[in-house]
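Engineer: No letters, just coordinates:
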């Protein structure tokens, strides 16, 4: 408990030191606020936006778009990733098409997505899903194929069915890879939603940044970027919390730290 509090204290101290240096440099160098606002101006803009309730409405819109896009992208990634991992024929015909589509920059696709699906919720969800899809699909394929062939042959020798091999061996072995992909996909879904809001939206933090850009409210833009970073960290922490609950046997460890057995031998 004490170690955890010390770690958080060091993190907060580092952030505070960086903000103080930033504040001092903007004052000493007399940097114009429309180029780089001081942290104090950013926090004032943040307080103003939150106290008036403007930010809260747009935060909920962006958060809802992100979660729906993440759910859609994760579902497609898990289904297609499983099909690619279990069938060489599906991989031969489908995987090149997926790679070709993934190679297209999503920023270039976003205007067409907005034209196809409109300025409402649907276009943002589709954009978020497309950005979140590929990393999770790749991790799913790698995880399902990382099982040792001898273990699969052992289960076959015990007359295990394909379903039993998948649920009792392949899926548990792939779960660490899948959750690693989910962590990346969650943050990517937020990025995809914001990119779509930049192109055209009726509400959302991305639309709010665009409107502030036209009025040169740089401090307000930085305050929204701060909100987006906090949202991203919070969403990632939720996935990590679920991972720790589900994968209770797969605890993170320091690979460079000496193990207890090796330290016992040296002593």
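Structural biologist: Right, received. Where do you want to start? Predicted model, so just to flag it, every value in this text is computed and none were measured. Numbering: from 1, shown residues only.

Engineer: Could you use CA atoms for every contact and neighbour count after this?
Structural biologist: Will do.

Engineer: What is the burial count for residue 8?
Structural biologist: When neighbours are defined as other Cα atoms under 10 Å, residue 8 has 12 of them.

Engineer: In stretch 130-139, which residues are buried?
Structural biologist: The neighbour-count check on stretch 130-139 (16 or more other Cα atoms under 10 Å) flags 130, 131, 132, 133, 134, 135, 136, 137, 138, 139 as buried.

Engineer: Distance to residue 245 for those - can I get that in JSON lines?
Structural biologist: Formatted as JSON lines, those follow (distance: Cα to Cα, whole Å):
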{"residue": "130", "distance to residue 245": "28"}
{"residue": "131", "distance to residue 245": "26"}
{"residue": "132", "distance to residue 245": "23"}
{"residue": "133", "distance to residue 245": "24"}
{"residue": "134", "distance to residue 245": "25"}
{"residue": "135", "distance to residue 245": "22"}
{"residue": "136", "distance to residue 245": "20"}
{"residue": "137", "distance to residue 245": "22"}
{"residue": "138", "distance to residue 245": "23"}
{"residue": "139", "distance to residue 245": "20"}
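
Engineer: Tell me which of the residues you listed fall in helices.
Structural biologist: 130, 131, 132, 133, 134, 135, 136, 137, 138, 139 (DSSP state H).

Engineer: Would you mind giving me the confidence score for the second one?
Structural biologist: According to the predicted model, the pLDDT of residue 131 comes to 91.

Engineer: ditto for the last one
Structural biologist: Confidence per residue is given as pLDDT, and for residue 139 that number is 93.

Engineer: The one 3 residues further on now?
Structural biologist: Looking at residue 142, its pLDDT reads 90.

Engineer: so what's it up against?
Structural biologist: 85, 174, 177 (Cα atoms under 8 Å, 6 or more residues apart in numbering).

Engineer: Which stretches in the stretch 151-267 of the chain count as helices?
Structural biologist: 162-165, 171-199, 205-214, 218-246, 260-266 (DSSP state H, counting those that start in this stretch).

Engineer: Using CSV, lay out those together with mean pLDDT.
Structural biologist: Listed next are the helices of the stretch 151-267 of the chain as CSV, based on pLDDT from 0 to 100:
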stretch, mean pLDDT
helix 162-165, 85
helix 171-199, 91
helix 205-214, 88
helix 218-246, 92
helix 260-266, 47
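
Engineer: closest to residue 15 out of these?
Structural biologist: helix 218-246 (12.9 Å; Cα to Cα).

Engineer: surely residue 194 meets residue 61?
Structural biologist: No. Judged on Cα atoms under 8 Å, residue 194 makes no contact with residue 61 at a distance of 10.7 Å.

Engineer: Overlap in contacts, these two.
Structural biologist: 204, 205.

Engineer: picking up where we left off before, now, of the contacts of residue 142, which are buried?
Structural biologist: 85, 174, 177.

Engineer: between those, which is closest to residue 27?
Structural biologist: residue 177 (46.8 Å).

Engineer: any idea which of the buried residues of stretch 130-139 is closest to residue 37?
Structural biologist: Closest to residue 37, out of all of the buried residues of stretch 130-139 and judged by Cα to Cα, is residue 131, at 31.0 Å.

Engineer: Quick check: chain neighbours aside, which residue is closest to the spatially most central residue of the chain?
Structural biologist: With distances taken as Cα atoms, centre = their mean, the residue of the chain nearest its centroid is residue 187 (1.8 Å). Distances taken as Cα to Cα, 6 or more residues apart in numbering put residue 232 closest to residue 187, at 5.7 Å, once the chain neighbours are dropped.

Engineer: surely that neighbour meets residue 188?
Structural biologist: No. Between residue 232 and residue 188 there is no contact under Cα under 8 Å: 9.1 Å.
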